[in-house]
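Colleague: Mind looking at a prediction? Sequence and model below.
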Amino acid sequence: MPRRDGEYMGVDSDSDISVGGERKGKGKDKTDKRKKDKAKTKATEAESDHLQAAYTWEASYTRSWDTVREDEAGSLQGAVEDWMARGRRRRLLAPAAPVRRTIIRHLVLLLDLSTSMLDRDMRPTRFDLTLQYAREFIVEWFDQNPLGQIGIVGMRAGIGERVGEMSGNPQDVLKAIADRHKLEPTGEPSLQNSIELAKSSMSHLPTHSSREILIIFGSLTTCDPHNIHETLDACVATKIRVSVVALAAEMKICRELCDKTGGQFGVAMNEGHFKDLLFELIPPPAQRALSRAAGAGATNPAADLMMMGFPTRLPDASPPSLCVCHSQLRSDGFLCPRCLAKVCDVPTDCNICDLMIVSSPHLARSYHHLFPVKPYSAVLSMADASTSSGCHGCARVFPLVALAAVSEGMSAVGRYRCPDCRGEFCSDCDVFVHDVVHCCPGCGQ
């Protein structure tokens, strides 16, 4: 019997029978279990700390609301304006030395219209956001480059589709991407077919103009019929500059396209970064340096003279007549100085004699990239400030008390000084002079 009881106890040691020494063993098991749980908790915490230390980029997102400070009235408007001013100030601190640039530009915008553009990692979708930023890009691009032309090419279903012809009229380019339903994403993109289509549309361009391709690419694959490296070599031979703004991740072929052709490559991290990458491509790119051994006169066709015509503007009260660009009856318009053909808008190329028709304000506006306004220096303290109490541009009163700790080229007293005329301007006038006026109102340079 004792032996059988011992066997019984050994088999079912977890039963609820009150046997001597059983409760003690069960308490010991619970204690060991608690120790194991504590050890697991400590191991989990240690692993969590290790992961947190490994992903150090996450530290910038912790308690990000602490960086926003309210003003005396309890408003966040001042903090938002300060954040925007910092971004604009970083752009103005770029080198302002005179650089040789091409003022007559031809750009083909390649839009990814594949199914990957329907992803919602960028709100509302990649496709809708791309169309919105593309419209803003086109308007600003023509404002800064009035003598340039833009064409639109779509990438979907494994082919390159011509969406809009090369045109110097921003309204025609915007009209090409106005209908969203005609650009509905489908299929896979093809980088090679689209670049070949864009390259063929720029084969007839003169040598004094720049040839550029801007690709907005949201896919991680490309469906190409042949070797895309042959297309890359052809772009290098024809001096076509390819720039890529990727919405998903970096691809090796996209990086090679930009590096070998002298373009820019970037991966958009969010909606704001996407727009910044696009707008960085608005200023004309610097021309490549030519080798002295080959001879500048023989290898530099950009130094040749080019023919332009300044048209005669017709008043609104003139008799209606047909234009050569749309074949519509209109009263206003411009007359070509060579063949007297009527066109609707300038700058453009005459459809009859192929003369480039520009207006003198457009030509003068294109030269501000060649002679940029010198960046204003930030006044660091009230001791360095002048006796003037208001901005030299808008006469707004400067703050009398220094702001909090600032960085990134910002002024603690809200003053920015021209290095030539020593005039002091506020941050808004600083950006307005460099982005819009392109001429210092104090010294006229």
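Modeller: Cool, the structure landed.

Colleague: Could you list every helix and strand that the helix or strand where Leu197 lies packs against?
Modeller: Leu197 belongs to helix 191-201 when elements are defined using DSSP states H and E. Under the contact criterion of 3 or more Cβ pairs under 8 Å, 6 or more residues apart in numbering; DSSP states H and E, helix 191-201 touches strand 105-112, strand 149-156, strand 159-167, strand 210-217, helix 228-237, helix 252-261. C-beta: built from backbone N, CA, C; applies to glycine.

Colleague: Output the below-cut-off pLDDT ranges for the stretch 51-200 of the chain.
Modeller: Low-confidence segments of the stretch 51-200 of the chain (pLDDT under 70): 51-99.

Colleague: can we see that at 50?
Modeller: Applying pLDDT under 50 to the stretch 51-200 of the chain flags the ranges 51-64.

Colleague: hey, where'd the helices end up in it?
Modeller: Secondary structure of the stretch 51-200 of the chain (DSSP state H, counting those that start in this stretch): helices at 77-92, 126-144, 170-176, 191-201.

Colleague: Isn't Gly414 up against Cys426?
Modeller: Yes. With contact defined as Cβ atoms under 8 Å, Gly414 reaches Cys426; the gap is 6.0 Å.

Colleague: between the two, what contacts are shared?
Modeller: With contacts defined as Cβ atoms under 8 Å, 6 or more residues apart in numbering, the residues shared by Gly414 and Cys426 are Phe398.

Colleague: related to what we said a few turns ago, list the buried ones in the helix holding Leu197?
Modeller: Leu191, Gln192, Asn193, Ser194, Ile195, Glu196, Leu197, Ala198, Lys199, Ser201 (16 or more other Cβ atoms under 10 Å).

Colleague: orientation of that helix relative to strand 149-156 in degrees?
Modeller: With axes from the mean of the first three to the mean of the last three Cα atoms, to 10 degrees applied, the angle from helix 191-201 to strand 149-156 works out at 150 degrees.

Colleague: and helix 191-201, how far out from the chain's middle?
Modeller: Offset of helix 191-201 from its chain centre (Cα atoms, centre = their mean, to the nearest Å): 22 Å.

Colleague: got the CA coordinates for that helix in CSV?
Modeller: Only the C-alpha atoms of helix 191-201 are listed here, as CSV (Å, rounded to 0.1, in the frame of the first residue of the first chain):
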residue,chain,number,x,y,z
LEU,A,191,11.6,52.9,-68.2
GLN,A,192,13.3,52.1,-71.4
ASN,A,193,10.2,52.6,-73.7
SER,A,194,9.4,55.9,-72.0
ILE,A,195,13.0,57.2,-72.2
GLU,A,196,13.2,56.2,-75.8
LEU,A,197,10.0,58.1,-76.5
ALA,A,198,11.2,61.2,-74.7
LYS,A,199,14.6,61.0,-76.4
SER,A,200,13.0,60.8,-79.9
SER,A,201,10.9,63.9,-79.1
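
Colleague: What count of nearby residues applies to Leu174?
Modeller: The tally of other residues near Leu174 (other Cβ atoms under 10 Å) stands at 17.

Colleague: who's in contact with it?
Modeller: Contacts for Leu174 (Cβ under 8 Å, 6+ apart) come out as Arg135, Ile138, Val139.

Colleague: So Gly187 is in contact with Gly154, correct?
Modeller: No. Contact between Gly187 and Gly154 fails when scored by Cβ under 8 Å: they sit 10.9 Å apart.

Colleague: If you count surrounding residues, which of the two has more?
Modeller: Set side by side, Gly187 and Gly154 show more neighbours around Gly154, with 25 against 14, by other Cβ under 10 Å.
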